[in-house]
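[1] Model the following, please.
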Amino acid sequence: MLFSLATPEYSNVQLNTTKVRVHLRSGIAEILEQHQDLMGKIDNNIIEIETNFENKTEKTSFVLQDAVFIVSNEQIKGSDFEGTGIYIYAKRVKEITSSISLEEITQEYEEKAKVFETDKQVLANHNMDPLYQNLNTKLFILKKEVDFLKKVVSVVKPLKQTFHT
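    Purely as a prediction, here's the structure:
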């Protein structure tokens, strides 16, 4: 199967994918070769893939921000690939590996959260309407970044604890 994950800053394409697991509102969908055509939003922003590489199965997980996916068995124009294709588009992605640094992610999360709270407080000190605070573009983007990093920390933390035991 073809697996393609794209964001504005990241791209990952693999041809040797054997299974993709996406978490949807209705449950977990496991996508295998010749899966029915499907489209949707990844609900909890986690996706897991399995690939065969040199007769070994490798599992990889990703935390995504605002991700949608498409499963298609149609050949894309201009492509030689035939078979099931899984295409995922997201705003941001963080690949979860054993080498990911929990400390760095936690620090980035804490810094962004501090900036968010400071900016929010500045608006509150100027007696800005709470509705305006929600409409403020900078605060909105910061809130999304904080939420994404919080999700990454919540996924990485248990994994790091299992690696150390």
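
[2] Tell me which helix or strand V155 sits in.
    Using DSSP states H and E, V155 maps to helix 137-164.

[3] That helix: which residues count as buried?
    139, 142-143, 145-149, 151-153, 155-156 (16 or more other C-beta atoms under 10 Å). Glycine gets a C-beta too; all of them are placed from N, C-alpha and C.

[4] Show me the contact partners of stretch 109-128.
    Stretch 109-128 is contacted by residues 132-133, 136, 138-139, 142-143, 145-146, 149-150, 152-153 when judged by C-beta atoms under 8 Å, 6 or more residues apart in numbering.

[5] again, only using 7 Å
    Contacts to stretch 109-128, defined as C-beta atoms under 7 Å, 6 or more residues apart in numbering, come from residues 133, 136, 138-139, 142-143, 145-146, 149-150, 153.

[6] Alpha carbons only: can I get that stretch in CSV?
    This file holds the C-alpha atoms of stretch 109-128, laid out as CSV (Å, rounded to 0.1, in the frame of the first residue of the first chain):
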residue,chain,number,x,y,z
TYR,A,109,4.9,23.0,25.6
GLU,A,110,5.5,25.0,28.8
GLU,A,111,7.0,27.9,26.8
LYS,A,112,4.1,28.1,24.4
ALA,A,113,1.6,27.8,27.3
LYS,A,114,3.3,30.6,29.2
VAL,A,115,3.2,32.9,26.1
PHE,A,116,-0.5,32.0,25.6
GLU,A,117,-1.4,32.8,29.2
THR,A,118,0.6,36.0,29.2
ASP,A,119,-1.0,37.2,26.0
LYS,A,120,-4.4,36.2,27.3
GLN,A,121,-3.8,38.2,30.5
VAL,A,122,-2.7,41.3,28.6
LEU,A,123,-6.1,41.3,26.8
ALA,A,124,-7.9,40.7,30.1
ASN,A,125,-6.0,43.7,31.6
HIS,A,126,-7.2,45.9,28.8
ASN,A,127,-10.7,44.8,29.7
MET,A,128,-11.2,43.1,26.4
